[in-house]
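[1] the amino acid sequence is not available; the structure is as follows:
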């Protein structure tokens, strides 16, 4: 096709060419919005802009319904801002025309007279109902969802990043796939943060609509009576209908946009510039444009509504739908074979499962966990699990390491089943020195995170000097590993699941099938688990599981009382338990209990659903704590770690009472002490 003698060729013209200068068009549109607030608009032009505002709001709602992926409407927070600003500029222009001329175009006039039947009271009621629906229902819900989505997205970022690193290290994805997934996580975080703030635009728009309507109503009534000489009823009738019409036409579009906001509150951001995002994402669906053409055609047919503007937009939407059908879609379509080739959908199971044990680190500690940067934290954790297996006889589940941007850069948190149980702080490039009172090297004073001992962080360059003076020096990763070891020992009973107990019994069955079968015949798996947990709670190792199961089976034939069974097992493991507290020379420092005091304590035993407890009057209870504290302090000064020795009946209740004040103290029964050990009396507890 040619036009004119010069032969201007149009056959290669495509509708997609408008995308080329979309950023310039958007900038001009923003400037026009500001100009509309200052320069008066003719009523005919205002009709066109109001109709465009309705069509644009309806398009946003339809697009929010038809999109399948979040990235297809990533520019929505900014679009919401522009739509709100455009709607407010229309309200200002309409207010100016209403107050100056008493006429603001056919669209407002139609909404004021035809839609509400010329009754301004009915129109005002409808307007207020729309405000309540938008402000109370949709806006509040959208705002809450946006806040929760933003918080959950930030909380999930470290886990998703660690998951990507794990898949990359396992060879499940390539470097390019890892970069794309990280980029997608960043885009989602950006979008949710933007939507958390953008939802306030919708709330503010509803408040502004109420204020503008009230100002129009009062201002028009005053102008009609004072400047135009109308009577009270005439001024109220004329300006109230225009005010209600203006409020309704803007509130309908505002309601459509707020509904779209609620539908698109969980989308992610895009890498395109805003102009391209705006035009491609809003004007890219031929189906949407076709539906809009049909809607405006139907509106133009309805009697009483302005036919020209609705027919005009029906024609424009129809042409747009036809042209968009002729050009390739801007969206990226994923074919079925690409999905089957490896584009797997991320499972939601990690979101509802809790890791038995986690270590969260700040971003400043990532180098000590990154092997490529010389970090040895993973190797140390492997050694910790091996050490616990040798000492306690249990297999510690894998410890998941995550980086958490919400932590301070050099801090770490240890979690058990999703709950924080310990925290600490490491300074990279520094070493921890324990008990540095006389150390002359400058550093940062702190406390050792496990027992609270005084410590100091010193530069790593001073290591040889400090070790030469006989001080204990610990690397940062070793501090974390030692802290983990102590936490595992303290909470080993919580980590031992029923499935772990079954694995331990299966190991015993390989060499001692009769022992394993007899134990399961006498006790259920849950009863065995509770027994092993009780032993771990008192830091009794489970390495000799054969002996534990044999004694438990024999005791279960008489009674299944957990306390009695626990005491019988401890007596069977007495050699292991008592020698753990003995000196290398075979001496066991002990604190004894006066016979009369022990008799009084035994008479104070009380059986509850939680086990046997001591029920003492406050004075006796306080004297017991004070006397025990004094004896422990005295023995500690001598370099001993004493144990309290009492009868089998009193041992467990006394342990429960004292462990709240002396967590490291051990209470043994006379029947648990190895006969080959020599007892050294530190003192006697006497009430």
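    That came through, no problem. The structure displayed is predicted, hence computed values, not measured ones.
[2] quick check: residue 621 vs residue 52, distance?
    81 Å (CB to CB, to the nearest Å). (Each C-beta comes from the backbone N, C-alpha and C, glycine too.)
[3] against residue 452, how distant is the nearest residue to residue 646 once chain neighbours are set aside?
    In this structure, residue 646 finds its nearest non-sequential neighbour in residue 593, 5.2 Å apart by CB to CB, 6 or more residues apart in numbering. The spacing between residue 593 and residue 452, counted by CB to CB, is 29 Å.
[4] what is the end-to-end distance of stretch 609-624?
    End-to-end distance for stretch 609-624: 25 Å, by CA to CA, to the nearest Å.
[5] show the average pLDDT along that stretch.
    Average pLDDT, stretch 609-624: 83.
[6] and what of stretch 51-63?
    What stretch 51-63 shows for mean pLDDT is 79.
[7] next: stretch 644-662.
    Stretch 644-662 comes out with an average pLDDT of 87.
[8] now what about it, what contacts it?
    The contact list for stretch 644-662, computed with CB atoms under 8 Å, 6 or more residues apart in numbering, reads 538, 563, 566-567, 571, 590-593, 598, 601-602, 605, 611-614, 621, 624-625, 628-629, 632, 665-671, 673, 679, 685.
[9] looks to me like residue 91 is in a helix.
    Yes: assessed by DSSP: H, G, I helix; E, B strand; the rest coil, residue 91 belongs to a helix.
[10] burial measure for it, as a count.
    Each residue near residue 91 was counted by other CB atoms under 10 Å, and the total is 25.
[11] now do the residue nearest to it when sequence neighbours are not counted, the pLDDT please.
    Using CB to CB, 6+ apart and skipping the chain neighbours, the partner closest in space to residue 91 is residue 212 (5.1 Å). Reading off the confidence values, residue 212 has pLDDT 74.
[12] before we move on, the earlier item: please tell me how far the residue nearest to residue 646 sits from residue 421.
    From residue 593 to residue 421 the distance is 33 Å (CB to CB).
[13] just the buried subset of the contacts of stretch 644-662, please.
    Taking 16 or more other CB atoms under 10 Å as the criterion, what is buried in the contacts of stretch 644-662 is 538, 563, 566-567, 571, 590-593, 598, 601, 614, 624, 628, 632, 665-669, 673, 685.
[14] among those residues, name the ones in strands.
    590, 591, 592, 593, 614, 666, 667, 668, 669, 685 (DSSP state E).
[15] biggest separation within the residues you listed, which pair?
    Greatest spatial distance among these (CB to CB): 590 and 614, at 20.0 Å.
[16] okay, now the domains of the chain?
    Structurally, the chain divides into domains by automatic domain parsing as follows: 70-272, 352-494, 579-687.
[17] avg pLDDT for the second one?
    This means domain 352-494. Rounded mean pLDDT across domain 352-494 is 85.
[18] ok, of the ones in strands among the buried ones among the contacts of stretch 644-662, which one's closest to residue 460?
    Closest to residue 460 out of those is residue 666 (37.5 Å), distances taken as CB to CB.
[19] list the contacts of the closest one.
    Taking CB under 8 Å, 6+ apart, we find residue 666 in contact with 538, 581, 643, 644, 655.
[20] now swap in residue 624 and tell me
    Residue 624 neighbours (CB under 8 Å, 6+ apart): 616, 657, 685, 687.
[21] the same query, at a cut-off of 7 Å, please.
    Contact analysis of residue 624 by CB atoms under 7 Å, 6 or more residues apart in numbering lists 685, 687.
[22] tell me what the host helix or strand of residue 298 is packed against?
    Using DSSP states H and E, residue 298 sits in helix 286-301. Under the contact criterion of 3 or more CB pairs under 7 Å, 6 or more residues apart in numbering; DSSP states H and E, helix 286-301 touches helix 43-66, helix 307-326.
[23] of the ones you listed, flag the one that's most buried.
    Among the helices and strands packed on helix 286-301, helix 43-66 has the highest mean neighbour count (mean count of other CB atoms under 10 Å), at a mean of 19.
[24] distance check, the nearest residue to residue 453 once chain neighbours are set aside against residue 578.
    In this structure, residue 453 finds its nearest non-sequential neighbour in residue 434, 5.8 Å apart by CB to CB, 6+ apart. Separation of residue 434 from residue 578 (CB to CB) stands at 29 Å.
[25] so which of the two has more stuff around it?
    residue 578 (24 against 14).
[26] tell me the SS of the more buried one?
    helix.
[27] surely it and residue 675 touch.
    No: counting by CB atoms under 7 Å, residue 578 sits too far from residue 675 to count as a contact (9.6 Å).
[28] quick one: the helices in the stretch 251-400 of the chain?
    Assigned by DSSP state H, counting those that start in this stretch, the stretch 251-400 of the chain shows helices spanning 274-282, 286-301, 307-326, 336-340, 349-352, 366-369, 377-392.
[29] which strands and helices sit next to the longest one?
    Secondary structure elements in contact with helix 307-326, counted by 3+ CB pairs under 7 Å, 6+ apart, are helix 43-66, helix 286-301.
[30] in the shortest one, what's buried?
    If I follow you right, that is helix 286-301. In helix 286-301, residues buried by neighbour count (16+ other CB under 10 Å) are 286, 288, 289, 290, 291, 292, 293, 295, 296, 297, 299, 300.
[31] and the ones in strands among the buried ones among the contacts of stretch 644-662 as CSV, adding distance to residue 554?
    Formatted as CSV, these follow (distance: CB to CB, whole Å):
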residue, distance to residue 554
590, 29
591, 32
592, 30
593, 29
614, 29
666, 25
667, 24
668, 22
669, 18
685, 33
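[32] residues of stretch 419-430 that come out buried?
    Buried, per 16+ other CB under 10 Å, within stretch 419-430: 422, 424, 425, 426, 427, 430.
[33] which non-adjacent residue is nearest the third one?
    With CB to CB, 6+ apart as the criterion, residue 425 has its nearest non-adjacent residue at 4.7 Å, and that residue is residue 411.
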